[in-house]
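In: got a predicted structure here, sequence first:
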Amino acid sequence: MVLALAIALAVVGALFIAVGSALQERVVVHTRLSGGQIRFLLRLLSESRWLWGGVLAGIGVVLHVIALSHGPVSIIQPVGTAGLLFAVVTKALLDRRPVTTRELVGSGAIIAGLAGLLSALPHAPKDYRLPDGTALLLGLAALAATGFVVLVSWWVTTGSAKAVALALAAGGAFGVGSALIGLIGHRTVQDPTAVLDWPTLVVVPILVLGGLSQQHAYRMRRFALVFALLEVSDPVTASAVGVLVLGEPMPDTVAKAAQMGVAAFVIVLGVVVLAHSYTALTSAEKDAP
């Protein structure tokens with residue numbers, strides 16, 4: 001009964017995240033970029049629909065966290081990947097068009113691949129006894145990598161390539177941010193004043209830069225592709241941090257390693273199909289009378 005409730009919460013949470021993200025994307029694509037990043041962000045904050053999208057996505061995240069606290073990660077995380085299908089359908093409804101076959105095939109491949117990848121990744125409890133120097137280096141590396149990708153993206157003219165770069169940068173930033181938030185939470189349990197310590201000062205700019213990358217990725221009008229890459233890069237980055245920094249174990253069998261390889265290949269195929277789906281949609285819009 002508890003597991004069924006956790007799965008239901010994960011599904012509803014995925015729906016909220018998908019709908020909220022789609023609402024935000026709809027605002028972002030119609031927001032002019034002028035006057036720098038701060039003005040762009042303030043303009044988004046003044047849009048009620050964008051704020052409501054953020055509220056819905058936030059509720060979805062909370063529901064997902066509650067689901068994880070009542071069910072095994074190996075089940076709840078793959079269930080959450082259903083959010084991609086919700087996102088594709090929501091986007092089509094908002095655009096008042098049918099969902100294309102390529103969108104369904106690409107999304108289905110990514111969901112299957114991501115579920116396979118997440119079930120193969122280690123799910124051992126994290127040890128947040130991380131040395132300050134390592135945590136600081138991790139945060140600064142995430143800031144530098146995300147900032148570099150954002151800067152390079154300005155010189156990339158292909159919409160799909162820019163969307164991919166920005167989405168991966170955002171997902172990577174969120175993945176590192178979640179690891180550092182876990183560190184902050186662990187320290188805060190022991191000492192409530194630890195929330196004001198230096199890791200918070202590092203996490204905030206990482207999440208802000210990741211959020212800006214996400215919103216700029218939405219501007220490329222490839223919502224499902226961006227959402228899919230966020231769904232992939234966030235947990236993969238968090239797991240990589242767990243393995244490389246927190247000492248979590250790698251998959252310990254050949255079967256699991258092979259499963260990760262096959263899952264990654266299926267995800268790449270799905271991303272390619274989704275990218276081509278936007279080329280087909282753009283061509284159809286140009287040919288329309």
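Out: Nice, thanks for sending it over.
In: and whichever helix in the chain runs longest, what's buried?
Out: Scanning the chain for the helix with the most residues, using DSSP state H, yields helix 254-287. Using 16 or more other Cβ atoms under 10 Å as the burial criterion, the residues of helix 254-287 that qualify are 259-260, 263-264, 266-267, 270-271, 273-275, 277-278, 281. For every residue, glycine as well, the C-beta is placed using N, CA and C.
In: so who does residue 112 touch?
Out: Neighbour list for residue 112: 263, 266, 270 [criterion: Cβ atoms under 8 Å, 6 or more residues apart in numbering].
In: now the spatially most central residue of the chain. Nearest residue, chain neighbours left out?
Out: Among the residues of the chain, residue 230 comes closest to the average C-alpha position under Cα atoms, centre = their mean, at 2.8 Å. Once flanking residues are discounted, residue 230 sits nearest to residue 171: 4.7 Å by Cβ to Cβ, 6 or more residues apart in numbering.
In: can you give me the offset of the helix or strand hosting the one you found from its chain's centre?
Out: If you go by DSSP states H and E, residue 171 is part of helix 159-190. Offset of helix 159-190 from its chain centre (Cα atoms, centre = their mean, to the nearest Å): 8 Å.
In: do the same with stretch 262-273
Out: Centre-to-centre, stretch 262-273 and its host chain are 16 Å apart (Cα atoms, centre = their mean).
In: mean confidence (pLDDT) on that stretch, please.
Out: Across stretch 262-273, pLDDT averages out at 87.
In: before we move on, what about stretch 155-164?
Out: For stretch 155-164, mean pLDDT rounds to 75.
In: what residues does that stretch touch?
Out: Contacts to stretch 155-164, defined as Cβ under 8 Å, 6+ apart, come from residues 153, 165, 217, 220-222, 225-226, 229, 271, 275, 278-279.
In: follow-up on the earlier one: from the buried residues of helix 254-287, which is closest to residue 185?
Out: residue 260 (28.1 Å; Cβ to Cβ).
In: my guess is the closest one contacts residue 121, does it?
Out: Yes: taking contacts as Cβ atoms under 8 Å, residue 260 lies within contact range of residue 121: 7.5 Å.
In: what's the overlap in contacts for these two?
Out: In contact with both residue 260 and residue 121: residue 251, using Cβ under 8 Å, 6+ apart.
In: re earlier: which of the contacts of residue 112 sits closest to residue 102?
Out: Ranked by distance to residue 102 (Cβ to Cβ), those are led by residue 270 at 10.2 Å.
In: can I assume residue 99 is in contact with residue 87?
Out: No: the criterion here is Cβ under 8 Å, and residue 99 misses it with residue 87 at 10.9 Å.
In: please say which of those two ends up with more neighbours.
Out: Ranked by neighbour count (other Cβ atoms under 10 Å), residue 99 and residue 87 place residue 87 first, with 27 against 18.
In: got a list of what that one touches?
Out: 18, 21-22, 223-224, 227.
In: which SSE is it in?
Out: helix 83-95.
In: what angle sits between that helix and helix 254-287?
Out: Relative orientation of helix 83-95 versus helix 254-287 (axes from the mean of the first three to the mean of the last three Cα atoms, to 10 degrees): 10 degrees.
In: beyond helix 83-95, next helix or strand please.
Out: Toward the C-terminus from helix 83-95 - assigned by DSSP H and E - lies helix 101-120.
In: restricting to C-alpha, output that following helix in PDB.
Out: This file holds the C-alpha atoms of helix 101-120, laid out as PDB (Å, rounded to 0.1, in the frame of the first residue of the first chain):
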ATOM      1  CA  THR A 101       4.800  10.200 -34.100                       C
ATOM      2  CA  ARG A 102       8.500  11.200 -33.900                       C
ATOM      3  CA  GLU A 103       7.800  13.000 -30.600                       C
ATOM      4  CA  LEU A 104       6.200   9.800 -29.200                       C
ATOM      5  CA  VAL A 105       8.900   7.500 -30.500                       C
ATOM      6  CA  GLY A 106      11.800   9.800 -29.300                       C
ATOM      7  CA  SER A 107      10.200  10.300 -25.900                       C
ATOM      8  CA  GLY A 108       9.400   6.600 -25.500                       C
ATOM      9  CA  ALA A 109      13.000   5.700 -26.300                       C
ATOM     10  CA  ILE A 110      14.400   8.300 -23.800                       C
ATOM     11  CA  ILE A 111      12.000   7.100 -21.100                       C
ATOM     12  CA  ALA A 112      12.900   3.500 -21.600                       C
ATOM     13  CA  GLY A 113      16.600   4.300 -21.800                       C
ATOM     14  CA  LEU A 114      16.600   6.600 -18.700                       C
ATOM     15  CA  ALA A 115      14.600   4.000 -16.700                       C
ATOM     16  CA  GLY A 116      17.200   1.400 -17.600                       C
ATOM     17  CA  LEU A 117      20.000   3.700 -16.800                       C
ATOM     18  CA  LEU A 118      18.600   4.800 -13.400                       C
ATOM     19  CA  SER A 119      17.900   1.200 -12.400                       C
ATOM     20  CA  ALA A 120      21.500   0.200 -13.100                       C
END
